[in-house]
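Novice: Quick one, fold the following:
(one chain, ligands or ions: 1)
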Amino acid sequence: MQLNKKSKIFIAGHNGMVGSSVLRHFKRKGYQNLFCKSRKSLNLIDQKKTYSYLKKIKPDFVIIAAAKVGGIFINKEEKAKFIYENIMIQTNLIHSSFLTGVKKLIFLGSSCIYPKYSKQPIKEKYLMTGKLEETNDAYAVAKLAGYKMCEAYNKQYKTNYICLMPTNLYGPNDNYNSKSSHFFPALIKKTHFAIKNEYKMIKIWGDGTPKRELMYVDDLADACEFFLKKKTKHYLINIGSGQEKTILEYCKFIIKKLRVNLKIKLDKKKPNGTPRKKLDLSLAKKYGWKSKYSLNKGFDLTYDDYLKKIS
Ligand SMILES: NC(=O)c1ccc[n+]([C@@H]2O[C@H](COP(=O)([O-])OP(=O)(O)OC[C@H]3O[C@@H](n4cnc5c(N)ncnc54)[C@H](OP(=O)(O)O)[C@@H]3O)[C@@H](O)[C@H]2O)c1
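Specialist: Numbers count the residues shown, from 1 in each chain. Down below sits the predicted model:
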């Protein structure tokens, strides 16, 4: 079955940064049968309830944007929750999708599940070829299980489940919680806070050298629609922007954008995380997909949303 404007699509995790972007995108494109459930009314850790819901709505397509997600601090602190919740959510959704005859499913991995010292740029085939980054190994193992589950179902049951591997994301509805946020929203918040309090300096985690590729979240939403429509031979596809900077350069970029004069202090006692994770995007390009947003434009939209949220 081809994706069309009447297709029934279940977007799991529609209140999160990715899920809300996917929902906005599909609404804007005129899809008429979108299904969403907040965690309060459907906890996806509950196998029975997840299955009953999918059985009731019988979606044609499922996009899994529900997960326990976070930055380096919370990944280290809550490894048990990261492995348990992610395995439960994705297993319940993937298996229930199979039982209820879902035509196509998108599972989201992440560039941080590739080996810590992977060759660069990272090709899809480098997955599971080396040691993981210690700070997020529990999250990575859960995501790898999700990928393997999609692969196994595709092989044994001839399903059409694809795993998109997005790079680091940012955008409206990001998480700015100081314990659980990713590096980019954390930098936005720190800089904004410094301006508001007339500080002269901000402190950033690590030595500033790790390189990160960053993509505006609406590009991922666009990729979800593109790959739901596209017939692909591959079921593991990297999704990124190709735009890469060091953490220190991102910090300077934000300071410049907000037209402020701030010194940057490096907190070298804090972990750096993976040194570099630049995705090889040739496969996505071969299928005809590429990102559209520049960092400049994406930042403006993100910062506007941040200002609205805190006002
Ligand atoms: N953020 C990134 O930089 C990034 C990069 C690469 C890949 N990804 C992938 O993109 C996906 C979404 O990430 P995100 O950044 O959008 O995360 P997010 O903002 O934290 O959103 C996650 C969503 O999942 C929901 N959720 C969590 N546990 C649930 C449960 N037990 N039952 C029902 N819903 C539950 C949350 O609901 P509540 O709102 O109720 O908590 C939230 O809406 C994840 O698979 C992640 O691995 C993200």
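
Novice: Residue 299 against residue 256, yeah?
Specialist: No: contact between residue 299 and residue 256 fails when scored by CB atoms under 8 Å: they sit 10.4 Å apart. For every residue, glycine as well, the C-beta is placed using N, CA and C.

Novice: Just want to know which of the two has more residues nearby.
Specialist: Per other CB atoms under 10 Å, whichever of residue 299 and residue 256 has more neighbours is residue 299, with 22 against 9.

Novice: OK, contacts around the more buried one?
Specialist: Taking CB atoms under 8 Å, 6 or more residues apart in numbering as the contact definition, residue 299 lies against 170, 253, 254, 257.

Novice: Show me which of the residues you listed is closest to residue 7.
Specialist: residue 170 (28.9 Å; CB to CB).

Novice: Export the contacts of residue 299 to a markdown table and append columns for pLDDT.
Specialist: Below are those laid out as a markdown table (pLDDT from 0 to 100):
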| residue | pLDDT |
| --- | --- |
| 170 | 98 |
| 253 | 98 |
| 254 | 98 |
| 257 | 97 |
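
Novice: Taking those residues together, which two end up most distant?
Specialist: Farthest pair in these (CB to CB) is 170 and 257. Separation: 12.9 Å.

Novice: and this protein, which residues reach the ligand?
Specialist: For the chain, the contact set with the ligand under CB under 6 Å from any ligand atom comprises 13, 15-19, 38-39, 43-45, 65-69, 85, 89, 108, 110, 166, 168-169, 175, 182.

Novice: Strands along this structure, start to end?
Specialist: All strands of the chain, identified by DSSP state E, fall at 8-12, 33-35, 61-64, 104-108, 161-166, 168-170, 201-205, 211-216, 236-239, 244-246, 263-267, 276-277.

Novice: so of the ones you listed, which one's packed in deepest?
Specialist: Comparing the strands of the chain by mean neighbour count (mean count of other CB atoms under 10 Å), strand 61-64 comes out on top with a mean of 26.

Novice: Stretch 5-12: how far from the chain's middle?
Specialist: 20 Å (CA atoms, centre = their mean, to the nearest Å).

Novice: Filter the residues of the chain next to the ligand down to just the ones in helices.
Specialist: Among the residues of the chain next to the ligand, the residues falling in helices (DSSP state H) are 17, 18, 19, 85, 89.
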